[in-house]
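Enquirer: From the sequence below, what's the structure:
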Amino acid sequence: MSALHFSTTCMRSNSPLHPHSKSSFTGFSQRNHIWQLFLSTKSNSRKAITKLCLKNVASDKMEELKEPLTEQGTSNEFLPDSVSVASSIKYHYEFTTSFSPAKFEPSKAFFATAESVRDSLIINWNATYEFYERINVKQAYYMSMEYLQGRALLNAIGNLRLSGPYAEALINLGYNLEDVANQDQEKLQKNNKAFRNDSCMDILQIINQSLFKSKLTYNLQEPDAALGNGGLGRLASCFLDSLATLNYPAWGYGLRYKYGLFKQRITKDGQEEVAENWLEMGNPWEVQRNDVTYPVKFYGKVISGPNGSKQWTGGENILAVAYDVPIPGYKTRTTINLRLWSTKVSTEEFDLHAFNTGDHAKAYAAMKNAEKICYILYPGDESIEGKTLRLKQQYTLCSASLQDIIARFEKRSGKTVNWDTLPDKVVVQMNDTHPTLCIPELIRILTDVKGLSWEKAWDITKRAVAYTNHTVLPEALEKWSLALLQDLLPRHVEIIRKIDEEFIHEIISEYGTDDLNLLQEKLRKMRILENFELPDSVVELLNNTRKAVDPVEDIDVNDNDNDIKASDKKDDEEEEDDEKEVTEEEQDGDDGKDAVVENKIEKTFEVDPKLPMMVRMANLCVVGGFSVNGVAEIHSEIVKEEVFNEFYKFWPKKFSNKTNGVTPRRWIRFCNPDLSKIITKWIGTEDWVTDLEKLAILRKFADNDDLQLEWMEAKRRNKIKVASFIKEKTGYVVSPNAMFDVQVKRIHEYKRQLLNIMGIVYRYKQIKQLSAEERKQMFVPRVCIFGGKAFATYVQAKRIVKFITDVGATVNHDPEIGDLLKVVFVPDYNVSVAKMLIPGSELSQHISTAGMEASGTSNMKFAMNGCVQIGTLDGANVEIREEVGEENFFLFGARAQEIAGLRKERAEGKFVPDPWFEEVKAYVRSGVFGTYNYDELMGSLEGNEGYGRADYFLVGKDFPSYLKCQEEVDKAYRDKKKWTRMSILNTAGSYKFSSDRTIHEYARDIWRIEPVVLS
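Expert: Numbers count the residues shown, from 1 in each chain. Sure thing, here's the model as predicted:
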């Protein structure tokens, strides 16, 4: 795709892109590689002919790419000015947008602007990969089921360093860049002066004025790409940003979900889910690659050929089609690729005969069956159909991506392909267990398609694939029904069984066969196949080795288990028998010993027919990958000591930690420009955006009065934006004079939004019992903000959402409370909402049950933006507290090593509930928050045992500690100087949590790739 540069002499009043102008294409000609377009323009005052000269610069750019670049990989001469930018936008308005050529409305302005930006991205994009192809560099491939990208326009323009030219160009076209991108930062800032601490103006009046003056609407011009749900997808997107910024050769692979996870609506009944419509108006950032398609097969059967070859035939066949999204680096021309797969079938699969005979459903059944694979992220899996669809999604991602990677490897290798070098050129990083099928699929391609031996294919795979673990929750360590896998992917089950068999032999080699109980325990924890019979080769090995033991001793004989107790002692009478009798007796004894051994082995390793046979995907990842890493120091220790302890003892060098990080470009530089300017001013350089360690310089200014005043003012301006946003989204009016207390993340019991809202209920109850004067003295005004989605079939999580909204409806309408306490649930939390809320937050809650959160990344974003945190010693909280200083982090709750003992204590009936906690539960049940029956929700916090009971996540246990910690928060917030100092030190200490640092560690320790700067 070529990019076009333009020159124009038209004035703004004659612009065909002016909101009140209409234009039409009248013709073009080419002279010396210059395209001349003639636009007939009709305005209200006169008719004008505007001549636009369009120069196709694609070939010129490729010549320019040969010129040397600066050491950062940038080239200033490539930066266009506002005139050429305006011309590019005009071109796309007229020729490439998906709208009728009427007025230049905001939606059309966005698409034309985005297409214009994409031109610049594509030039860099093509140059990046042509260079990679030429030097045949080793490349990392990041495989993830989720990418939570957020909006791309401002991020792309910022990374390209074109904010100035685009802002000026759009002003000349009658628009504001922030309006077009739907951020509207500047117009909100103009109204910030109305908000002063001593302002007597009615807060509702001010917010309404702000909304009116800025014409602020949050109907999305650019929707968030609905490709993810939570931290897993956001991390993947941060990694892509850092990979591009740091010039590492890499690609991302994912699926192009048509309807995303869901769009969340909050009603009187709680959360409701509707399909995302992010692709309804098209996606200007993607390029469909109709020439990049790969076949993906399901079902069928495996046919064995000569010399042990295998052929997977029949079944259901679909096509995976590539959609590419360019990912630009910051201040570099490196632009990497996110390749997303969509699914379809070939045209021949449409049954024209059935359609013409009226059987329309049959006619397009194959088409719909293929297309639905990429409809929804994480389809409900309670039904066999849902499980099958999820497994199809995972395999589609793995198969299409690996076929693509192999094709690229072969192309770069030339005429002679040396497969042994594949791990020297390719490394696949599996983001959690969803892409586990990469392991058997790579083996299948190498053996069945490329003709390699099993030994060589298995060796290559083990050197090319790495695994990142993101969870310690048992339910998230995926297991799939062996029967389902056998039905859907029969060839892969053969491969998995062979991997499992070889691994069992490795275990036996390490631990021997002397102690069958020890061996059985090792296999129970480490085997890939769960509750599955031992392979014949293993049974034979065990029989032979056990029979070789001489003598067989200490084997009991009884009527119940038919075991035989053998002795090497013989009676004197037996020695006097004739030789024949002795021989017969010895033979009978050998047969008995053989039976004893076989029976003992069979009973030791027997399967339970009442339990299903399962494939443990996490175990397959560990066995098949050359690296296993956790994502925070405490999480990695839990991985080594608990989750995969047997594997860690088996392969200690395979395990490492790579603490997560977030990109400082999107999560502070672009989303918080006010604070970014202050940081740059006091540090003395903007280099911190790519070298976050420079934030530590702020520490020496933390007590500076001038910095504190600037810091507080920036925070206040951001809070006003949040207040306006809340009014627009929920109708609630909140005061920016109150503390903004935020918990935004996926709704899950272990993340303990329930603990937060129970604490709020306690606070509300206490406030109600005090006089107006006592309330002011005891409590700091707070706006408690929640956001996050509960999975559609996660009933308890949806109850929590309902509970929060009910509490908010009661508290926010209580005239006695006023601005002292507000509770807000922001619907449809996503990246764009986070970019609004995080800069204006003052306290953020990361209060998961200790030992259950792998890392978390929102805690890092909050810290970067100067938000003080309250939390447990869980995930990355541990490291954040170390970096920002213990005195700048509010800590409470049980420690990870205590959790198992506390649950045991509860099961034994020794737990004594806190009186305050019991009061709150009774208060909830009293009906003060409405007529909804909360017995099920409150009941989960009661009892000593049983599914959904016994307070598994220790809400009640940590409740008193949590309340005391919140009292400390109130006390600290009253001292504005102290609080501001804590805020500054949180930003200063957040430097470790840049995804740039994380990616450097992956590249150095796992992927073994080097930065490649275009030349």
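Enquirer: Am I right that V734 is in contact with K721?
Expert: No - using C-beta atoms under 8 Å, V734 is not in contact with K721; the gap is 12.0 Å. From N, CA and C alone the C-beta is placed, and that goes for glycine too.
Enquirer: Name the SS class of the residue nearest to S107 when sequence neighbours are not counted, please.
Expert: Leaving out its chain neighbours, the residue that sits closest to S107 by C-beta to C-beta, 6 or more residues apart in numbering is Q221, at 6.1 Å. Secondary structure state of Q221, per DSSP: H, G, I helix; E, B strand; the rest coil, is coil.
Enquirer: Contact partners for V811?
Expert: By C-beta atoms under 8 Å, 6 or more residues apart in numbering, the contact set of V811 is I760, Y764, I817, L821, K822, V823.
Enquirer: What is the subsequent helix or strand relative to the helix or strand harbouring R717?
Expert: Taking DSSP states H and E as the criterion, R717 maps to helix 705-730. Next along the chain after helix 705-730, taking DSSP H and E as the criterion, comes strand 739-744.
Enquirer: quick revisit: please identify the buried residues of the helix holding R717?
Expert: 707-708, 710-712, 714-727, 729-730 (16 or more other C-beta atoms under 10 Å).
Enquirer: How about stretch 953-972?
Expert: Quick answer for stretch 953-972 (16+ other C-beta under 10 Å): 953-959, 962-963, 965-966, 969, 972.
Enquirer: Among these, list the two that are farthest apart in space.
Expert: F953 and A972 (27.0 Å; C-beta to C-beta).
Enquirer: Flag the helix or strand of this structure with the lowest per-element mean pLDDT.
Expert: The weakest-scoring helix or strand in the chain, judged by mean pLDDT, DSSP states H and E, is strand 4-8 (a mean of 34).
Enquirer: returning to that earlier point: can you pull the contacts of the residue nearest to S107?
Expert: P106, S107, F110, V180, A181, N182 are the contacts of Q221 under C-beta under 8 Å, 6+ apart.
Enquirer: can you check I508 too?
Expert: L519, V538, L541, L542.
Enquirer: Out of the contacts of V811, list just those in helices.
Expert: Among the contacts of V811, the members found in helices (DSSP state H) are I760, Y764.
Enquirer: Are any of the contacts of V811 buried, and if so which?
Expert: I760, Y764, I817, L821, K822, V823.
Enquirer: Using CSV, lay out these together with pLDDT.
Expert: Formatted as CSV, these follow (pLDDT from 0 to 100):
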residue, pLDDT
I760, 98
Y764, 98
I817, 95
L821, 98
K822, 98
V823, 98
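Enquirer: Can you tell me which of the residues you listed is nearest E371?
Expert: Among the buried ones among the contacts of V811, and counting by C-beta to C-beta, the member closest to E371 is V823, at 41.4 Å.
Enquirer: close enough to count as contact, the closest one and G808?
Expert: Yes - if you go by C-beta under 8 Å, V823 and G808 touch, sitting 3.7 Å apart.
Enquirer: Helices of the stretch 851-1000 of the chain, start to end?
Expert: Shown for the stretch 851-1000 of the chain, the helices assigned by DSSP state H, counting those that start in this stretch span residues 858-864, 877-884, 899-907, 915-925, 935-939, 955-974, 976-988, 995-1001.
Enquirer: Just name the most buried of those.
Expert: helix 858-864 (a mean of 28; mean count of other C-beta atoms under 10 Å).
Enquirer: Give me the residues contacting that one.
Expert: 231, 660-662, 664, 667-668, 742, 744-745, 834, 838, 841, 844, 846, 869, 871, 875-877, 880, 884, 986-987, 989-990, 993.
Enquirer: picking up where we left off before, could the contacts of Q221 be laid out in TSV, adding pLDDT?
Expert: Output for those, formatted as TSV (pLDDT from 0 to 100):
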residue	pLDDT
P106	74
S107	78
F110	89
V180	85
A181	82
N182	70
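Enquirer: Out of those residues, who's the most crowded?
Expert: V180 (27 neighbours; other C-beta atoms under 10 Å).
Enquirer: in a strand, that's where it is, yeah?
Expert: No - the assignment for V180, made by three-state DSSP, is helix rather than a strand.
Enquirer: Export the helices of the stretch 851-1000 of the chain as TSV, with columns for distance to K751 and mean pLDDT.
Expert: Compiled in TSV, the helices of the stretch 851-1000 of the chain are given as follows (distance: least, C-beta to C-beta, whole Å; pLDDT from 0 to 100):
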stretch	distance to K751	mean pLDDT
helix 858-864	10	97
helix 877-884	12	98
helix 899-907	15	95
helix 915-925	19	96
helix 935-939	15	95
helix 955-974	11	98
helix 976-988	21	98
helix 995-1001	22	98
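Enquirer: Can I get those helices in a markdown table including distance to T685?
Expert: Output for the helices of the stretch 851-1000 of the chain, formatted as a markdown table (distance: least, C-beta to C-beta, whole Å):
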| stretch | distance to T685 |
| --- | --- |
| helix 858-864 | 17 |
| helix 877-884 | 21 |
| helix 899-907 | 45 |
| helix 915-925 | 50 |
| helix 935-939 | 51 |
| helix 955-974 | 31 |
| helix 976-988 | 15 |
| helix 995-1001 | 16 |
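Enquirer: Nearest to E1010, out of those helices?
Expert: Nearest of these (C-beta to C-beta): helix 995-1001, 11.0 Å.
Enquirer: Check which helices and strands that closest one sits against.
Expert: Helices and strands touching helix 995-1001, by 3 or more C-beta pairs under 8 Å, 6 or more residues apart in numbering; DSSP states H and E, are helix 231-245.
Enquirer: Quick check: what element follows the helix it packs on along the chain?
Expert: strand 250-255.
Enquirer: Can you list the strands that that following strand pairs with?
Expert: strand 139-143 (parallel), strand 335-344 (parallel) (DSSP bridges).
Enquirer: What is the neighbour count of K765?
Expert: 15.
Enquirer: Pull up the per-residue confidence for it.
Expert: pLDDT, K765: 97.
Enquirer: what's the answer for E942, then?
Expert: 94.
Enquirer: let's have the chain start at 799 instead
Expert: Fine by me, first position is 799 from now on; the one you just mentioned is E1740.
Enquirer: For the closest residue to it other than its chain neighbours, give me its contacts.
Expert: Of all residues not flanking E1740 in the chain, R1747 sits nearest, at 6.7 Å (C-beta to C-beta, 6+ apart). Contact analysis of R1747 by C-beta under 8 Å, 6+ apart lists G1737, S1738, E1740, G1741.
Enquirer: So which of those residues is the closest to V881?
Expert: S1738 (63.3 Å).
Enquirer: Let me see the backbone angles for that closest one.
Expert: Main-chain torsions, S1738, degrees, to the nearest 10: phi -70, psi -20.
Enquirer: Could you verify my assumption that K1056 touches K1170?
Expert: No - if you go by C-beta under 8 Å, K1056 and K1170 don't touch, sitting 9.1 Å apart.
Enquirer: Give me the more crowded residue out of those two.
Expert: K1056 (19 against 15).
Enquirer: so what's that one closest to, chain neighbours aside?
Expert: Per C-beta to C-beta, 6+ apart, closest to K1056 is Y1173, 5.3 Å.
Enquirer: what's around the one you found, how many residues?
Expert: Count around Y1173 with other C-beta under 10 Å applied: 16.
Enquirer: so how far is G1664 from I1477?
Expert: Note on I1477: its distance to G1664, by C-beta to C-beta, to the nearest Å, is 10 Å.
Enquirer: which neighbours do the two share?
Expert: Joint contacts of I1477 and G1664 (C-beta under 8 Å, 6+ apart) are T1785.
Enquirer: For N1315, the count of nearby residues, please.
Expert: Applying other C-beta under 10 Å, I find that N1315 has 8 neighbouring residues.
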